[in-house]
Structures are given as structure tokens and as C-alpha cells.
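# Quick one: sequence plus predicted model below, questions after.
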Amino acid sequence: MARMKFLCDADRCIECNACVTACKNEHEVPWGINRRRVVTIADGKPGERSVSMACMHCTDAPCAAVCPVNCFYTTADGVVLHSKDLCIGCGYCFYACPFGAPQYPKVGNFGSRGKMDKCTFCAGGPEADGSKEEWEKYGANRLAEGKLPLCAEMCSTKSLLAGDGEIIAQIYKERVMKRGYGSGAWGWKTAYRETIES
Amino acid sequence: MAFPARVLRLAVGTWILLLLVLAPPVPSTAQQVNPTASAVKEQQLLQELNRIEGRVSIPDQRSGVLEQPQGRDWRAFHNVTLRWIGGVAIVGMLAVLVIFYLTRGMVRLESGRSGRTLVRFNAFERFVHWMTATCFIILAISGLNITFGRPLLLPLISFEAFSEWSQWAKYAHIYLSFPFTIGVVLIFLMWIAGNIPNKVDVEWLKRGGGIVGHDQPPAYRFNAGQKAIYWIVVIGGALVAATGYGLMFPFYLTGIEGMQLAHIIHSVVAVLFVAAMVAHIYMGTIGMEGAFEAMGSGEVDVNWAREHHSLWLDEQMARTGPNDSQPQPRHSAAPAE
């Protein structure tokens, strides 16, 4: 079984936001929710880098560990998903998440955040693959169709890689070898407790 | 005449262009630029600031925080530390009370009942007490459910049932915080006069408060133990309310670290608060004969007052009966005689 991961090659990301747009369109994500975003660090300064970030589908995911109602589960592909039927919108996953992935449909005052929403690695939710209920709650299930996440597919510079962790790590290593530099796999140490030596 | 000059210019231009196109590439190893040499480094940023923040072009500016690994510390607190603190405090308090009850038993009225009563808490005081108490119990149960429900209750019922219950418990927790907070404010204002610590409390504590042993140290309206409960309610209530509202209105007051800290304060104070209230409930019910009626009917037996609040009884008697020290209409206070 594959262990699905994201890898953003920050040396290639041009902050075009195609991943963000692709995600929003593919899953018809409502206004105000961003399952993926591009953060530019040291904007306008030498050494500026942009990183596309969503849920990293962590190993031993903190969100799953702190959820009071245990609504998270990890698929056989290592994708961290959750059940919106069980979610009570308490916001604990948001406190624990290192990447700011959990999103809430409402402003959140008086605890009325609504059901949490986050990147599903285009793998839907606990409902039957490709069902109407799954689509309405979680968006498209591309993995069930044999496709990889659309954000990475759409990436104009192929900066964002999505797929089996070992394969994308290999691709990244080859790139670093060939071009002679690389600023590392952003978030990997926090999410997977490992990093790619380059 | 102009013709050869143009031909010459064209020929020279073509020759230069050809030279440029066919020129061998500059040896790349000699002066290769490494763009990552000056690039921002993830581990370096994390070590310096413990978080990585940048600019985003979407409207939600808070999503500019790329990485905040301190969520890991909060997780360890929530899943391990808090459960230990809460478990030890609450189960420990229950154990102490059970042992205490089995060894010491109920604090009896040594002189029996006189049959004469006097007003200890008027209707308004009792209303505020029970409003706050009811809210507190629901807040405590729903709050403990968030921390202890998953390991203790979830294995016994289905995921759906537990989620449904937790959802309602969450709404109860949020909306009952308002009457609870009002109750704490009223308690603070209503009983502050009798709860300033003084020399009598030192004496009371030295003599074990009449709880340990069978002594009956003098006390005014509130003894040192009750004053402790009062200040736990006022200070603990203020802390849980302030941090709770901070969590209820995310990002109004603090960012994510502030909310993690607010949650830590909220939950630690809350579990200690629950432990203290377990002791308070014990003393007000099975722990002491004649104590419950103070908050039940509002009237206590004169002998109870003599044994536990002798100085308060003297004060009341000096007023020749009616409790006009209480904020109540004169006609509603039945004379002691």
C-alpha cells in the first residue's frame, strides 16, 4: 500500500495559486474555506520562498489524537479523513494542527463553528465512494477513481507533488541532485518526523 | 555608394549573431548560482520563532501561519497532563471524602435541635446559589465529557450516540456559561462583606474547623472553609469565564497560541474547581447535619448556628431577632421568636 504524502518543492513554487483554485473548483469548496493555500515567506526579500500548504495527512495525526469524539480515521493509503456526521465543531483539531488545515464554515462565535472541513487528499469521506452524500460533504473522491489530488495535477511548475511518499521523495531527490540545490521538503519533519536528505 | 556600406553592415551583423549563437556555453561549474544559499530555511525559522508565518493572497489572513508545531505541546497537555491532573484531583477528592465519611462520619448537631430557626440565606441568595450551582454541574459534566468522554464513555456507547450527546453538551456548555458568569458576579458582590479573611479564621483553622475532631471554633457568618470556597468560586469562576469567552470568540483576543494557553488555564482551573465543588457539595449535604437547610429552606436551627457560626448568631441576636442585615423586605423575615 502506498503512503500518500504531499511535497511542495518551494524552489519551484511561483505562487500562482493554481493549486488553490483547482481545489476550490474540484470540490466546490464554499466561500471562506480554503483547504489549500499558498504562503509566501520573506515576501519581497532575498531568499523569498512560497509554499503551498494543506492538510499534510500526518503520521500519528495530532487532530485525530485530540478529537473529543474520535471522528478521524486514517485510510489504508495513509490519508487522514474525518466524519462530518460525528464532528461537533469544537475546534480542538484546529488548536493541535501544526499546519492550520482544519477549516470551519462559520465565523465560530458561540462555538457555532459548524462541521470542520479540510483537505481530503481528494479521497472523500466515510460514505460510499463517489456517492452523492460523500460529494456533498467532502467533495470529489479522485483517489477512488484512480487519480491523484487535483492541486498537484494542476501545478504549473510541478512544484507540488502528491502521491506515494517514497516516489515523490525520490522525484524530489533527483531534482535536487540535478539542479544542485533544494530548500527541503517543507513540513515533512513536523508531519512525518522525517525529512528528505539532499 | 550606399549599397556596399549596407552590405558590409549586414555581413558584420550576421557574423556577430552567428558568433553569439554558435559560441560555446559558459562553463557552468565556474560561476553557478545556488539560489538556496540565501533562501529561507524551514528548520532555521522554526528554531528562531517556533512558527513560520508569511503572506497569503486569500482574504483569510490568519492562514498566513504556515507551521505552528507547538500544537504538539498542546496535544500532549490535553491527552496526557490534563487527564492526570483532572483524574488525580477529582478521583482523589472523592477518595478523601469517602475515607473521611467512613472515619469521621457526619458532623452532628452536638446539642440537638432547638426547634427555633433563623434566616441564613434569603430567597434571592438561594436563587443565585442554585442558578450558579445548576449551571456549574452541567458545565462540569459537559466539560469533563470533552476531556474524559472519549476514553471513558465512548467505549460504552456508539460513535453516533456519543457524538450526538457531545454536541448537545457543547451547546449547553457554551450557553449556560452566561447565567453561570452572572451567578459568579452576583456571588462575588452579594457575599464579599462576609468573606474577607480575618483573625477569627486563623483560630478556626488552628482548631481544625470543627470538621477534624469535635471542636466548635467560633466563626462569623462565613468560616474559613466557606471563605475558601467563596474565593475558589470567585477567582476560579473569573478565570474559567475569561478564558472560556476567549475560546468562544476565536481570534478576537488572541491568536492560536493564545487559545492554546487559554484552553490550558481553562481546563486546569476547571478540574480543580470541580474537585473543590465536590468537597463543597459533600459538606453541604451528607457531611454536616443541618447544613443543607441553610441553602434549602434558607433557615437554620439556632443550635446549628451556635455550634458553627457562634459570632454570627450573636450578631443576629443582638439585632433582636429579625435578619435585617439581609437585603430583604422587613416583613418577609420571620422573627426568631
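The structure has been received and is ready for your questions.
# where do the helices sit along chain A?
A:18-27, A:62-66, A:92-96, A:132-138, A:150-154, A:165-179, A:188-192 (DSSP state H).
# Quick one: residues in contact with the third one.
The set of residues that contact helix A:92-96 without belonging to it, under CB atoms under 8 Å, 6 or more residues apart in numbering or on different chains, is A:62-68, A:72, A:82, A:100, A:102, A:104, A:116, B:71-72, B:74-75, B:78, B:146, B:256, B:259-260, B:263. All C-beta atoms are positioned from the backbone trio N, CA, C, and that covers glycine.
# Give me the buried entries from these.
By neighbour count, with 16 or more other CB atoms under 10 Å in any protein chain shown, the contacts of helix A:92-96 hold A:62-68, A:72, A:82, A:100, A:102, A:104, A:116, B:71, B:74-75, B:78, B:146, B:256, B:259-260, B:263 as buried.
# quick one: pLDDT of residue B:256?
At residue B:256, the model reports a pLDDT of 87.
# how about it, what does it touch?
Residue B:256 touches A:94, A:95, A:100, B:65, B:68, B:71, counting by CB under 8 Å, 6+ apart.
# What about the buried ones among the contacts of helix A:92-96, which are in strands?
Using DSSP state E, the subset of the buried ones among the contacts of helix A:92-96 located in strands is A:72, A:82.
# Around residue A:7, how many other residues sit close by?
The tally of other residues near residue A:7 (other CB atoms under 10 Å in any protein chain shown) stands at 24.
# Surely it and residue A:168 touch.
Yes. Using CB atoms under 8 Å, residue A:7 is in contact with residue A:168, at 4.7 Å.
# Quick check: neighbours shared by the two?
By CB under 8 Å, 6+ apart, residue A:7 and residue A:168 have these common neighbours: A:161, A:162.
# Would you map the strands across the stretch 101-250 of chain B?
Using DSSP state E, counting those that start in this stretch, the strands of the stretch 101-250 of chain B run over B:117-119.
# what residue ranges in it score low on pLDDT?
Along the stretch 101-250 of chain B, no part satisfies pLDDT under 70.
# Return the residues of it in contact with chain A.
Within the stretch 101-250 of chain B, the residues that sit near chain A (CB under 8 Å from any CB of the partner chain) are B:145-147, B:149-150, B:154, B:159-160, B:162-163, B:166-167, B:170-171, B:173-175, B:247-250.
# one more time with 7 Å, if that's ok
Applying CB under 7 Å from any CB of the partner chain, we find that the stretch 101-250 of chain B lies next to chain A at B:146, B:149-150, B:154, B:159, B:162-163, B:166-167, B:170, B:174, B:248-250.
# export the helices of chain A to TSV and tack on distance to residue B:14 and mean pLDDT?
TSV is the format used below for these (distance: least, CB to CB, whole Å; pLDDT from 0 to 100):
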stretch	distance to residue B:14	mean pLDDT
helix A:18-27	42	95
helix A:62-66	66	95
helix A:92-96	66	92
helix A:132-138	63	93
helix A:150-154	44	95
helix A:165-179	35	93
helix A:188-192	54	91
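# Pull the most distant pair out of the contacts of residue B:256.
Spatial extent of those (CB to CB) is set by the pair A:95 and B:65 at 12.5 Å.
# between these two, who's got more neighbours?
Higher neighbour count among residue A:95 and residue B:65: residue A:95, with 25 against 20, using other CB under 10 Å.
# Please identify which helix or strand holds residue B:273.
helix B:256-284 (DSSP states H and E).
# Tell me the buried residues in the following helix or strand past that helix?
The helix or strand immediately downstream of helix B:256-284 is helix B:292-295, counting by DSSP H and E. Judged by neighbour count using 16+ other CB under 10 Å, the buried positions of helix B:292-295 are B:293, B:294, B:295.
# go on, stretch A:146-156?
Residues A:148, A:149, A:150, A:151, A:152, A:153, A:154, A:155 are the ones in stretch A:146-156 that count as buried (16+ other CB under 10 Å).
# which residues touch it?
When contacts are defined by CB atoms under 7 Å, 6 or more residues apart in numbering or on different chains, stretch A:146-156 is touched by residues A:16, A:18-19, A:22-23, A:26, A:36, A:121-122, A:142, A:160-163.
# per-residue pLDDT, residue A:109?
Residue A:109 is assigned a pLDDT of 67 by the prediction.
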